[in-house]
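Chemist: structure for this input, please:
(one chain, ligands or ions: 1)
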Amino acid sequence: MPPEEVPLPLEPYKIKAVEMLHRPSAAEREAALRRSGYNLFNLTSEEVFIDLLTDSGTSAMSDHQWAALMTGDESYAGSRNFLDFERTVQDLTGFPFVLPAHQGRAAENLLFSTMVRPGQMVPNNMHFDTTQAHVLRQGAKPVNLAVREAYDVRAELPFKGNMDTARLEGTLRTEGKNVPLVMMTLTNNTGGGQPASLANLREVSRISHAHHVPFYLDMCRWAENAYFIHEREEGMGSRSIAEIGRAIFDLADGATMSAKKDGLVNMGGFIATRDASLVPRLKELLITFEGFPTYGGLARRDLSAMAVGLREATELAYLEHRIGQVRYVASLLDQDGIPFMRPPGGHGLYLDAHAFLPHLGPDELPGQALAVEIYREGAVRTCEVGGVMFGSEKPEPGSPPPLELVRLAFPRRVYTASHYHYVAEVVRRVWKRRASVGGMEMVEAPERLRHFLAKFGPASKKGDRGHGTPSPSPPELQSRGRSNA
Ligand code: F0G
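Modeler: Next comes the predicted model:
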């Protein structure tokens, strides 16, 4: 089948401030890899040309957000910025109780410390690593109940972020009393940025509530999820992103949010709930760990930037361009048959490292090897989402084989179409010399949150395959469709 023709994503903004980039030479890239222990989290930003490590806290703020920063009323308690922020979250979500936190994992700490006890289990479509770490920290067990297709990189389906509702029903029937909450992550970050449908969310809500279990959302990328519903779910095309968002939130009892994603800020988050009985305990923890409930670890001006960002994230022109950028890069890679999680996700494109480097076994960390190689080729920083991030957790018996992905996360409103042409070219160059790419091994392996903290080296086990030869300088930008052969 010929690759789908995807339009050039036309930026719906113009640029007001610029930040110059440095393109490191091959020798600088090689030295940076050695210095960082082959862990791309240890690179300095000056060692990186295009940074697709994460879409979290890396957005460009709008002129309206910068203007909002100047309206900061830095009162310790009862600041008008908090009231503005609180009203915005209440309007968008319908949740009456809103507590700011400095980022998503702080909100997770509040929620799980309040609701989860040792020995319990928490079902999710797929836990993100910090969510998983917080469940484990409470002595509880995180259980991933995503539909089976979520693990099938090639399945071209609209809602691979869905939860398997039969398994949820089964789990709650046998373990219901031991389940303090059910959670859905929108979109499913560790499963390729795939969305859940409104129909599936409705069913998850119904089943959870039938078993008297509260239903919470990890709403980091809720606007992107709502965009996919708008585009793909029957009857939703005429509804706005905010309306669809509200339909989603109406099904849930509360949510945690990292506003570093669909809040379009560099730092911020919150927890919101309908459950008044949780609020005193949440506030107590908030004051202990974050700050007074009207600032929650943030400057008051940041609360207003977050309020503006949360609304901007619901604009259709913004979302069309954003998700269009991911699709555009996917279409460029498709021209060479480069394997990635299909369909392209909301906040990134996830390369399938098993299929990209089929000569490497799981113990040779193909995801890490591919991420390193993409950096080596063109100073593009990506992130492994596979054996390194999740490998220390034992898979459930009978569960599908784990995913081995390399995420190209797209920062919001930061890079242009020509930057993404360059990225596609770098990945294509690695693809062309993929047979010569060697594996990696972990030389320092902490028990948890390994992908942030581990150190690696070229794998020694399988002999002298060695690493591929990087190009002496990063590739020049090439026009779409031009053959590189
Ligand atoms: N939940 C999901 C689904 C996330 O993707 C993240 C962060 C968090 C919670 C935690 O939020 O970083 O504000 O504390 N994801 C980032 C990423 C780190 O790169 O995907 P946080």
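Chemist: can we go C-alpha only for contacts and neighbour counts from here?
Modeler: Will do.
Chemist: where does this protein have low pLDDT?
Modeler: 1-4, 392-401, 461-485 (pLDDT under 70).
Chemist: what's next to the longest helix anywhere in it, contact-wise?
Modeler: Secondary structure of the chain per DSSP state H: the longest helix is helix 316-334. By Cα atoms under 8 Å, 6 or more residues apart in numbering, the residues outside helix 316-334 that reach it are 3-12, 224, 227, 240-241, 312-313, 340, 344-349, 410, 412-413, 417, 420-421, 424, 427-428, 480-481.
Chemist: which among these end up buried?
Modeler: Among the contacts of helix 316-334, those buried by neighbour count (16 or more other Cα atoms under 10 Å) are 9, 11, 224, 227, 240-241, 312-313, 340, 344-349, 410, 412-413, 420-421, 424, 427-428.
Chemist: from those, which land in strands?
Modeler: 348, 349 (DSSP state E).
Chemist: run through the buried ones among the contacts of helix 316-334 and flag the ones next to the ligand.
Modeler: Among the buried ones among the contacts of helix 316-334, no residue is within reach of the ligand (Cα under 6 Å from any ligand atom).
Chemist: could I get the CA-only coordinates of stretch 115-134 as CSV?
Modeler: The C-alpha coordinates for stretch 115-134 follow below in CSV (Å, rounded to 0.1, in the frame of the first residue of the first chain):
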residue,chain,number,x,y,z
MET,A,115,-6.2,6.3,48.9
VAL,A,116,-3.9,3.3,48.7
ARG,A,117,-2.8,0.8,51.4
PRO,A,118,-0.2,-2.0,51.5
GLY,A,119,-1.4,-5.2,49.8
GLN,A,120,-3.9,-3.5,47.6
MET,A,121,-3.9,-3.4,43.8
VAL,A,122,-4.5,-0.5,41.4
PRO,A,123,-5.6,-1.3,37.8
ASN,A,124,-4.7,1.2,35.0
ASN,A,125,-4.7,0.8,31.3
MET,A,126,-0.9,1.2,31.5
HIS,A,127,1.0,2.8,34.4
PHE,A,128,3.5,5.5,33.6
ASP,A,129,6.7,4.9,35.5
THR,A,130,6.2,7.5,38.2
THR,A,131,2.6,6.3,38.7
GLN,A,132,3.8,2.8,39.0
ALA,A,133,6.5,3.9,41.4
HIS,A,134,3.9,5.7,43.6
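Chemist: could you check whether that stretch is close to the ligand?
Modeler: Yes. With Cα under 6 Å from any ligand atom as the criterion, the ligand is reached by stretch 115-134 at 128, 130.
Chemist: stretch 242-259: end-to-end distance?
Modeler: One end of stretch 242-259 to the other measures 16 Å (Cα to Cα, to the nearest Å).
Chemist: name the residues of stretch 48-65 that come out as buried.
Modeler: Buried residues in stretch 48-65, counting neighbours by 16+ other Cα under 10 Å, are found at 48-62, 65.
Chemist: let me know the closest of the residues you listed to the ligand.
Modeler: residue 54 (4.3 Å; Cα to the nearest ligand atom).
Chemist: quick check: that closest one touching residue 412?
Modeler: No. In this structure, residue 54 is not within contact of residue 412 by Cα atoms under 8 Å, at 10.1 Å.
Chemist: for the nearest residue to residue 266 once chain neighbours are set aside, list the residues it contacts.
Modeler: What sits nearest to residue 266 in space, not counting adjacent residues and going by Cα to Cα, 6 or more residues apart in numbering, is residue 57, at 3.8 Å. Residues near residue 57 by Cα under 8 Å, 6+ apart: 259, 260, 261, 264, 265, 266, 267.
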